[in-house]
Every structure is written in structure tokens, then in C-alpha cells.
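Engineer: Sequence and computational prediction follow.
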Amino acid sequence: DLLLKLQDPPRASYLKLPDRLVPDAMLHRPCILGSAPGRLLLRVSHKGQGRDVVDAEYYLLDTVGGTATLLPVLPPELPVKRFVSRTIGLIADPRCPGNYMVVYLHPTPMSSSRRYSGLLYYSTATAQWAFKPLVSAPDHEPWGEHGVFAHDGLLWWVDVAYGMLVCNPFDGHPRLRFIPLPPGCKMHGLVDGPRPTSVMDH
């Protein structure tokens with residue numbers, strides 16, 4: 001299903017995907033959202049009229065075996081309509097060697113403050129989607145999603161203006177904690193006006 005030619009930095013690595021997964025890369029915009037040992041999480045977008053992405057498929061790529069597994073669609077009873085891709089992470093499951101968890105940090109419905117209510121997750125151990133409500137989540141300023149990474153058995157969601165949110169997705173009663181940027185590094189004045197994305201990208 002795939003070929004990965006992994007080079008030592010600073011040389012570029014290459015991921016080759018067949019047409020049956022990504023028929024038109026310019027149209028479907030494949031994107032690697034996360035990585036874990038021997039695995040990559042790939043999003044393939046499907047576009048409607050204009051530039052709007054109306055749906056997406058998610059694949060778990062086995063870079064050792066060279067196979068791609070399409071994640072199942074969300075069951076209709078789960079409390080989510082559409083993913084925000086930069087809040088989806090991939091992490092190896094320490095309880096079940098060889099298994100992984102895809103985790104989506106789910107926002108509180110109808111909230112403008114970017115509070116979060118739970119973790120929507122897919123486990124390769126069960127091959128099912130499920131939802132865990134957060135036991136606690138910090139109050140913080142409006143949050144911008146700039147990516148998520150796994151480290152030390154935890155998932156870390158990043159806002160480059162404020163800091164990171166961190167959680168153990170394997171906890172039966174997960175708690176979301178806020179880790180601020182060091183003193184003097186936080187951006188100010190982002191609550192009432194538009195966020196200066198060009199500055200944050202820099």
C-alpha cells in the first residue's frame with residue numbers, strides 16, 4: 001500500500017502512496033497528522049464546491065509492513081460532527097504492545113472559549129471508536145490549534161501563543177492540564193481581537 005524512504009536529517013524523506021488511496025494529491029491534499037513508532041496517521045481530504053473540505057478519510061499507515069488501514073467512520077451516537085485536524089494525535093498504547101490510539105480533543109458544544117469536554121478515540125486493540133469525558137479541564141483564553149504530539153506516554157496539544165494542554169489518554173478518568181509558556185513568552189491581547197496568525201506562524 002505504501003513505500004517510505006526514511007532519510008537521516010537534514011535530507012528529505014519520501015512517502016509514496018498509490019492512486020487507490022490518494023487518486024489526486026492536489027485535490028485531496030494528503031497530510032500526515034501524527035507519528036508513533038512504525039506508524040503514521042494520514043488524512044485524505046474530500047472537497048466540496050470551492051475550497052471547502054466537506055469530509056476526510058483517516059488511514060493508519062504501517063511503515064514497516066507497508067500497509068494502510070482505513071479507520072472506520074464515526075458511529076452516529078458519538079458526540080462529534082467534524083474533526084479539527086490539528087487536535088488529532090497518535091500515540092502508542094503502553095498497555096497493549098503493538099497497538100495504538102488515535103485521539104481527538106473534543107470541544108465543548110456551543111463554547112466560544114475553546115473549552116474541551118472529552119476525548120474521542122479509536123483504539124487498534126478494540127478496532128472501535130469510543131468517548132471519554134474529561135474529569136477536569138482548565139479555564140484558559142481562546143485556544144488555537146497548532147498541532148499535537150506524543151511524548152512520555154502523554155499527548156500534548158500546542159498553542160504557540162500560550163503553551164500546551166497535556167493529558168494521559170489511557171487514564172480511565174482523564175484530566176486535561178495546562179502547561180504555560182515560560183515567563184515573558186506568552187502573547188498578549190489575543191482575547192478580543194483577531195489572532196495575529198502571521199506572527200505566530202513566524
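Structural biologist: Looks like it arrived, so ask away. Remember, predicted model here, so these are calculated numbers, not experimental data.
Engineer: For the residue nearest to the spatial centre of the chain, list the residues it contacts.
Structural biologist: For the chain, I88 is the residue whose C-alpha lies nearest the centre (CA atoms, centre = their mean; 1.6 Å). For I88, the contacting residues are L33, G34, L41, R43, Y58, V102, V103, Y104, V148, by CB atoms under 8 Å, 6 or more residues apart in numbering. In short, each C-beta sits where N, CA and C put it, glycine included.
Engineer: so the second one makes contact with L40?
Structural biologist: In other words, G34. Yes: here G34 reaches L40: they are 7.4 Å apart, a contact under CB atoms under 8 Å.
Engineer: neighbour count winner among these two?
Structural biologist: G34 (23 against 19; other CB atoms under 10 Å).
Engineer: Any idea what the more buried one is bridged to?
Structural biologist: Counting by DSSP bridges, G34 is bridged to L41.
Engineer: Burial check on the closest residue to A68 other than its chain neighbours, number of neighbours?
Structural biologist: Once flanking residues are discounted, A68 sits nearest to D1: 4.1 Å by CB to CB, 6 or more residues apart in numbering. Using other CB under 10 Å, D1 is surrounded by 15 other residues.
Engineer: ok so M26 is a strand residue?
Structural biologist: No: M26 is assigned helix when assessed by DSSP: H, G, I helix; E, B strand; the rest coil, not a strand.
Engineer: Now do the shared contacts for G34 and L40.
Structural biologist: L90.
Engineer: secondary structure element for the residue nearest to S123 when sequence neighbours are not counted?
Structural biologist: Leaving aside its chain neighbours, S123 sits nearest to M101 (5.2 Å; criterion: CB to CB, 6+ apart). For M101, the host element (DSSP states H and E) is strand 100-107.
Engineer: Sheet-wise, list the partners of that strand with their directions.
Structural biologist: Under the rule (DSSP bridges), strand 100-107 has strand 88-92 (antiparallel), strand 116-123 (antiparallel) as partners.
Engineer: and for the longest one, what are the contacting residues?
Structural biologist: If you take CB under 8 Å, 6+ apart as the criterion, strand 116-123 is touched by 71-72, 74, 78-80, 93, 99-109, 128-134, 137, 165, 167, 169, 174, 176.
Engineer: Now which of those would you call buried?
Structural biologist: Listed as buried from these are 71, 74, 93, 100-107, 129, 131-132, 134, 137, 165, 167, 169, 174, 176; burial here means 16 or more other CB atoms under 10 Å.
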